[in-house]
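Participant: Just a sequence and a predicted model for now, questions to come.
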Amino acid sequence: MEEPEDVVPQESCPVNRKDEGVIYSPARLSDEVIRMETGLPDKAMFSRVVGLVQRLEGSIVYAAGWRVEGMTMESQVFMALMKVRQNYTHLHLTQLFSCSTATVANVVKTFIHLLHRLLFKTMNRESMPASFLPSASNCRIVIDCTDIEVAAPKEMDKAKMVYSVYRGMHSFKVLIGVAPNGVITYCSSLFPGSVSDKAITMQSGLLEHLEAGDKVLADKGFLISDIVPDGVSVNIPPFLNNGKFTESEVRATREVARNCIHVERANARRLQIIQNSAARIITRTKSSDHITPVLIQLHWLPVHYRIQYKTLLLTYKALHNLAPSYLCDLLQEYTPSAQPLLDYYVSPHHDSLQWVPGHSAVQHPGSGTPSPHT
């Protein structure tokens, strides 16, 4: 009887005695299955992740308060990655790993937090924008508070509590933390608008996640240097003294502003570009025309044009790993027999997103101007 394609012969990958009862041991699985279940490219990469975890094996504190002894570290890491990637139910994982639901819950919660702590800083450094180097290369997070306007409460004491003097409105505030690459990594609970940025930072729990060597970038309102953990530095723009900034203070202000604005724009810039380009493609508008009337015009388009517009945005997100995994899995490369009108579209005959590679611009009949590639 032939071995299934997705199973590696056991003699080449011996299974640990602890995993003898495990149906879905990673030692028996192929690169393709590892990639499908974890999102990692191959078994070699998976082994490197396991190696990082094994260095801390003796010091791991499990979430439930008791250690999992009947399963290898490799299988525990594999289970946690499967939960993150596929979101299998605990019951399904108990069948695959021959254990109880309590064990699954203990392993998943423990190793998701552990993997985050091990891998977060490496990912942060590798995706660091050039504008942060070299002066802010150890930046861990950029923080700011966002105000959400609310109706004025009828009771005077509550109205006073939620009134923001700085904003001149009744509001709630939330502390947002953004990584240098533009990913939101922290979001606090809501606080009344009258609470200061420093008080919110202190009460939000953010400081518990900072470690020695980290740098925090913030606006002038965050006077938090005296409350951050030892070894953590806070970089805020200097205050104006004696009516004039010194040359070094001007440079420091520009540096902080450059990095903060880079992060603020990173959240919306890419999607805004693809949104504008998609609108021009759908409406066949020249790139020299202002985009605002074009976006307004989208509200009056026929339904099938609106569907195409949404599809362009979803396909872009899927191509750049910004969409859910089920959308990314629908992507199929399409080779047209003639020059396509749209770079990205949904085929009416297939339930999949199809994309045309290698086209830097699309020439529209009568426009005389190619639309920018998305």
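Facilitator: That came through fine. Note that this is a predicted model, so its numbers are computed, not measured.
Participant: Let me see the ranges of the strands in the stretch 151-300 of the chain.
Facilitator: Secondary structure of the stretch 151-300 of the chain (DSSP state E, counting those that start in this stretch): strands located at 163-164, 169-178, 184-187, 191-192, 215-217, 233-235.
Participant: Give me whichever of those is most buried.
Facilitator: Comparing these by mean neighbour count (mean count of other Cβ atoms under 10 Å), strand 215-217 ranks first with a mean of 22. From N, CA and C alone the C-beta is placed, and that goes for glycine too.
Participant: Out of the strands of the stretch 151-300 of the chain, which gets nearest to Thr101?
Facilitator: Closest to Thr101 of those, according to Cβ to Cβ: strand 184-187, at 29.6 Å.
Participant: Let me see the mean pLDDT of that closest one.
Facilitator: Per-residue pLDDT over strand 184-187 has a mean of 80.
Participant: repeat for stretch 103-112
Facilitator: 94.
Participant: Ok, stretch 61-75 next?
Facilitator: So the average pLDDT for stretch 61-75 ends up being 91.
Participant: Output it as CSV, nothing but the C-alphas.
Facilitator: These are the backbone C-alpha positions of stretch 61-75, laid out as CSV (Å, rounded to 0.1, in the frame of the first residue of the first chain):
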residue,chain,number,x,y,z
VAL,A,61,4.8,29.2,32.8
TYR,A,62,1.6,27.6,31.5
ALA,A,63,-1.6,29.7,31.5
ALA,A,64,-3.6,27.1,33.4
GLY,A,65,-0.9,26.7,36.1
TRP,A,66,0.1,23.1,35.2
ARG,A,67,2.6,21.8,32.7
VAL,A,68,1.7,19.6,29.7
GLU,A,69,3.9,16.6,30.0
GLY,A,70,2.3,14.1,27.6
MET,A,71,3.0,16.1,24.4
THR,A,72,6.3,17.2,22.8
MET,A,73,7.2,20.8,22.6
GLU,A,74,7.0,20.5,18.8
SER,A,75,3.4,19.3,18.9
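Participant: In JSON lines, list the strands of the stretch 151-300 of the chain along with distance to Met36.
Facilitator: Shown next, in JSON lines, are the strands of the stretch 151-300 of the chain (distance: least, Cβ to Cβ, whole Å):
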{"stretch": "strand 163-164", "distance to Met36": "49"}
{"stretch": "strand 169-178", "distance to Met36": "31"}
{"stretch": "strand 184-187", "distance to Met36": "27"}
{"stretch": "strand 191-192", "distance to Met36": "43"}
{"stretch": "strand 215-217", "distance to Met36": "38"}
{"stretch": "strand 233-235", "distance to Met36": "42"}
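Participant: Which among those is found nearest to Ser225?
Facilitator: Among the strands of the stretch 151-300 of the chain, strand 233-235 comes nearest to Ser225, with 4.7 Å by Cβ to Cβ.
Participant: Can you give the contact residues for that closest one?
Facilitator: Contact with strand 233-235 is made by Ala136, Cys139, Asp214, Lys215, Val216, Leu217, Ala218, Phe222, Ile224, Ser225, Val228, Val256, as judged by Cβ atoms under 8 Å, 6 or more residues apart in numbering.
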